[in-house]
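Trainee: Sequence first, predicted coordinates after that:
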Amino acid sequence: MSDTQQIRTRISKGYQVVVPAKLRRQYKVDAGDEVLWIVTNGDVITRFRKRPSIANILGIGHGGSNESSVSLKKRIQKGEA
């Protein structure tokens, strides 16, 4: 069974949207994080993407991994590093 919720917000005149406090807390959304808008099959799905922290950036490449710099950069851009 799905745990579906509906939370409404309004779009401002400047086309800005406020992320409701309940969702900010639940998903630990901070200033500077991104909202991804995924369009699929006529629906729009939103996802939060954390901005990489300094600790994440400084830790990259020190795990003994043979990962290339290109794939590391792609992981950073996707928020996976």
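Mentor: Structure's in. What do you need?

Trainee: centroid residue for the protein?
Mentor: For the chain, the residue nearest the mean C-alpha position is residue 49 (0.9 Å; Cα atoms, centre = their mean).

Trainee: phi, psi of residue 35?
Mentor: phi -110, psi 120 (degrees, to the nearest 10).

Trainee: I figured it hits residue 48, correct?
Mentor: Yes. In this structure residue 35 lies within contact range of residue 48 using Cβ atoms under 8 Å: 6.2 Å. Quick note: C-beta positions are derived from backbone N, CA and C, even for glycine.

Trainee: So which of these two has more stuff around it?
Mentor: residue 48 (17 against 11; other Cβ atoms under 10 Å).

Trainee: quick revisit: hey, what's the residue nearest to the centre of the chain bridged with?
Mentor: Listed by DSSP bridges, the beta-bridge partners for residue 49 are residue 34.

Trainee: Distance of it relative to residue 13?
Mentor: Per Cβ to Cβ, to the nearest Å, residue 49 is found 26 Å from residue 13.

Trainee: Check which element follows the helix or strand of the chain with the lowest mean pLDDT along the chain.
Mentor: Within the chain, no helix or strand scores below helix 54-59, which has a mean of 65 by mean pLDDT, DSSP states H and E. Downstream of helix 54-59, the next assigned helix or strand under DSSP states H and E is helix 69-78.
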